[in-house]
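Trainee: Predicted structure and sequence below. I'll ask about it afterward.
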Amino acid sequence: MLFTPENAEKVKQGTKTETRRDWKSQHVYAGRVYPVRLSRKDPVPPDATYISIVTVYMERLGLITDKAAVREGLATREEFFAIWKELHGTVDMDKEIYVVRFRIATPLEIFKHQFSQILYRKKPLGKEKAVAVTLPDGRVCVSDSYEILRSQQESSGPWVRLMNKGNVAETISVKNRISVAEVN
């Protein structure tokens with residue numbers, strides 16, 4: 001989810017737990033995990049903060065309260081309106097906008113999100129490559145086939161069993177991150 005650098009820092013510190021967006025259609029969904037990003041063009045950095053969406057709903061812009069402004073990382077609703085006007089040009093109190101409430105994602109939520117991203121990507125593995133996933137408990141899950149990982153995920157969850165398929169010469173991984181490993 002995109003944030004300004006100032007707001008991304010507030011999210012990371014936990015002082016911003018809500019955002020209001022003027023979207024034509026809904027872009028994020030409750031129960032899903034998203035990285036906090038500054039730009040769509042740049043890749044997600046390894047140390048990115050991830051948020052878990054708690055709820056998404058529509059609300060008239062003028063209904064924001066001082067309490068909601070604090071959840072936005074601001075002091076008052078007047079401060080919120082000043083920033084909204086700076087970003088959008090006008091403040092239409094009757095405009096229906098999206099309200100997104102979120103929290104910092106847990107390591108397990110981040111792992112599941114990243115694992116699902118690699119499982120369902122379209123690009124096939126190369127002949128000399130394998131998927132290596134560092135599990136939340138520190139074990140490394142390795143496979144040369146997405147299908148094996150998918151079937152494992154469907155039967156008991158990818159975070160339950162360790163799989164060793166092929167010989168791994170080097171695994172480039174960080175805890176709770178997914179990487180590609182060279183195989184012999």
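Mentor: Alright, I've got the coordinates.

Trainee: When you work out contacts or count neighbours from here on, use the C-alpha atoms and nothing else.
Mentor: Noted.

Trainee: Could you list every helix and strand in contact with the helix or strand harbouring residue 97?
Mentor: Residue 97 belongs to strand 96-104 when assigned by DSSP states H and E. Here strand 96-104 touches strand 18-21, strand 50-60, going by 3 or more Cα pairs under 8 Å, 6 or more residues apart in numbering; DSSP states H and E.

Trainee: what's the following helix or strand after the first one?
Mentor: Spelled out, that is strand 18-21. strand 33-35.

Trainee: Partner strands of that next one, with direction?
Mentor: Strand pairing for strand 33-35, using DSSP bridges, gives strand 50-60 (antiparallel).

Trainee: List the buried residues for the very next helix or strand once past the partner strand?
Mentor: Next helix or strand after strand 50-60 toward the C-terminus (DSSP H and E): helix 66-71. Within helix 66-71, the residues that count as buried by 16 or more other Cα atoms under 10 Å are 66, 68, 69, 70, 71.

Trainee: got those residues as CSV, with pLDDT columns?
Mentor: Converted to CSV, the buried residues of helix 66-71 look like this (pLDDT from 0 to 100):
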residue, pLDDT
66, 97
68, 97
69, 97
70, 98
71, 98
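
Trainee: got CSV for these, with distance to residue 30 too?
Mentor: Formatted as CSV, these follow (distance: Cα to Cα, whole Å):
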residue, distance to residue 30
66, 24
68, 18
69, 21
70, 21
71, 17
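
Trainee: Please identify which two of the residues you listed are farthest apart in space.
Mentor: Taking Cα to Cα as the measure, the buried residues of helix 66-71 span a maximum distance of 8.8 Å, between 66 and 71.

Trainee: Which strands and helices lie in contact with the helix or strand following the strand holding residue 97?
Mentor: Toward the C-terminus, strand 96-104 is succeeded by helix 107-119 as the next helix or strand (DSSP H and E). Identification of packing neighbours for helix 107-119 by 3+ Cα pairs under 8 Å, 6+ apart yields strand 33-35, helix 146-156, strand 178-183.

Trainee: show me the contacts for residue 100.
Mentor: By Cα atoms under 8 Å, 6 or more residues apart in numbering, residue 100 lies in contact with 18, 19, 20, 21, 53, 54, 55, 56, 57.

Trainee: To clarify, my last question referred to residue 8.
Mentor: The contact partners of residue 8, taken as Cα under 8 Å, 6+ apart, are 36, 37, 38.

Trainee: what residues are up against residue 4?
Mentor: By Cα under 8 Å, 6+ apart, residue 4 lies in contact with residue 38.

Trainee: Mean pLDDT per element in the chain, and the minimum belongs to which helix or strand?
Mentor: strand 168-171 (a mean of 32; mean pLDDT, DSSP states H and E).
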